[in-house]
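>>> Mind folding the following:
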Amino acid sequence: MVLGESQILGQVRDAMSAATQAGTLNGVLSRVFHSAIAAGKRARSETEIGRHAISISSAAVALARRHAGDLRDKTILVLSAGSTGKLAARSLAESSGARILIANRTAEKAQLLAEEIGGAARGVPLERLNEGLAEADVVITGTGAGGFVLGPEQLAVPVSRRNGRGLLLIDVAVPRDIDPAVRRIPNVSLFDIDDVESEAESGRTVRQAEVQRVQAIVEEEVAGFLAWWESLDVVPVISALRERAEEIRRAELARALRRLPDLDDESRRRIEAMTSAIVKKMLDRPIARLKDGADKALYMEALEDLFDLHPSPAPSHGKGA
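Numbers count the residues shown, from 1 in each chain. Prediction:
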């Protein structure tokens with residue numbers, strides 16, 4: 001639903017891990033997972049598909065970063081432990097390294113979210129909201145309260161304790177949490193949902209422009225997987241061919257060495273290495289044609305007939321599924 005969202009790649013990794021633990025990840029499925037993860041990593045490292053905020057929560061964080069600078073040394077108060085607050089807090093924790101304060105009508109919810117986020121996050125009881133507002137550099141609100149929760153009166157005391165430090169307010173709630181009248185307070189800046197939506201739309205435009213490049217990466221990974229998948233059919237024939245050649249080599253080598261009883265160990269090793277090299281070079285071309293040829297079935301049938309091969313059946317890999 002969100003173009004370029006990194007959570008999907010994380011879910012694929014989690015699914016692969018769960019399948020591994022359950023013992024249900026066979027060779028082909030493992031290859032599918034690794035190819036998918038490789039495509040996702042390449043998309044994020046080789047294109048701009050994941051580098052611009054497009055969700056409301058990530059756009060709010062991007063807006064905070066644009067106007068407050070590097071957030072790593074900042075304190076950010078999230079006023080809400082509901083769905084909007086959770087998304088904003090998680091976006092902050094994943095991308096900013098800021099100190100996070102969480103305030104909510106229910107103190108237990110605020111503390112639970114802070115523990116879930118981890119790091120330096122902590123809950124702030126509403127009765128101590130003024131302390132949080134005085135400490136914070138940025139405030140992100142999204143309570144869904146149905147009316148203003150912050151206005152000039154609520155900000156008067158905490159702003160007076162800030163010694164002139166600027167306060168950035170970002171209101172993502174609908175209807176709004178913050179009275180627009182706070183813009184008249186010195187050193188207070190307010191951005192509302194319209195500003196956040198504009199930031200998100202800008203990110204969507206940039207990401208959309210990257211879709212073609214990502215599709216090319218996906219197609220490359222799909223082609224690589226399909227080439228490997230189709231090669232599974234020839235593996236038993238290649239194994240049988242190598243076994244037959246090795247069987248002949250060993251038999252002829254043993255016969256020759258019986259006729260040369262005076263050979264020293266070093267000479268025997270050299271003859272062994274030479275015969276192995278001859279067999280390998282003789283098989284390299286047929287095996288390459290078998291792997292890469294346009295008509296694998298024809299080559300397989302010819303090799304089986306010419307060398308009287310009886311390969312084991314190929315492992316099932318779901319082509320009929």
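>>> Which helix runs longest in this protein?
The helix spanning the most residues in the chain, taking DSSP state H as the definition, is helix 265-292.
>>> and after that helix, which helix or strand comes next?
helix 296-306 (DSSP states H and E).
>>> what ranges do the strands span in the stretch 1-150 of the chain?
75-79, 99-103, 122-124, 138-141 (DSSP state E, counting those that start in this stretch).
>>> buried residues in the helix or strand following the last one?
From strand 138-141 onward toward the C-terminus, using DSSP H and E, the following helix or strand is helix 152-160. Counting neighbours by 16 or more other CB atoms under 10 Å, one finds that the buried residues in helix 152-160 are 154-155, 158-159. Quick note: C-beta positions are derived from backbone N, CA and C, even for glycine.
>>> what packs against helix 152-160?
The contact analysis (3 or more CB pairs under 8 Å, 6 or more residues apart in numbering; DSSP states H and E) places helix 152-160 against helix 129-135.
>>> Contacts for the helix it packs on, please.
With contacts defined as CB atoms under 8 Å, 6 or more residues apart in numbering, helix 129-135 is touched by 75, 77, 79, 101, 103, 124, 139, 155, 157-159, 161-162, 167.
>>> Quick check on the residues you listed: which are buried?
75, 77, 79, 101, 103, 124, 139, 155, 158-159, 162, 167.
>>> how about the helices of the chain, start to end?
7-22, 27-46, 56-68, 83-95, 107-117, 129-135, 152-160, 193-209, 211-231, 235-258, 265-292, 296-306.
>>> ok now the first one, how far from the chain's centre?
Average the C-alpha atoms of helix 7-22, do the same for its chain, and the two points are 11 Å apart (CA atoms, centre = their mean, to the nearest Å).
>>> Please apply the same query to stretch 92-106.
23 Å.
>>> cool, and stretch 40-48?
For stretch 40-48 - counting by CA atoms, centre = their mean - the centre lies 9 Å from the chain centre.
>>> quick one on the thing from earlier: name the nearest of the buried residues of helix 152-160 relative to Arg183.
Leu155 (11.0 Å; CB to CB).
>>> right, and that closest one touches Val188 too?
Yes: under the criterion of CB atoms under 8 Å, Leu155 lies in contact with Val188, with a separation of 6.8 Å.
>>> what do those two both touch?
167, 182.
>>> where does the chain dip in pLDDT?
Low-confidence segments of the chain, defined by pLDDT under 70: 1-2, 52-54, 293-297, 311-321.
>>> burial count for the residue nearest to Gln208 when sequence neighbours are not counted?
Spatially, and ignoring its direct neighbours in sequence, Gln208 is nearest to Leu3 (6.7 Å; CB to CB, 6 or more residues apart in numbering). Applying other CB atoms under 10 Å, we find 16 residues neighbouring Leu3.
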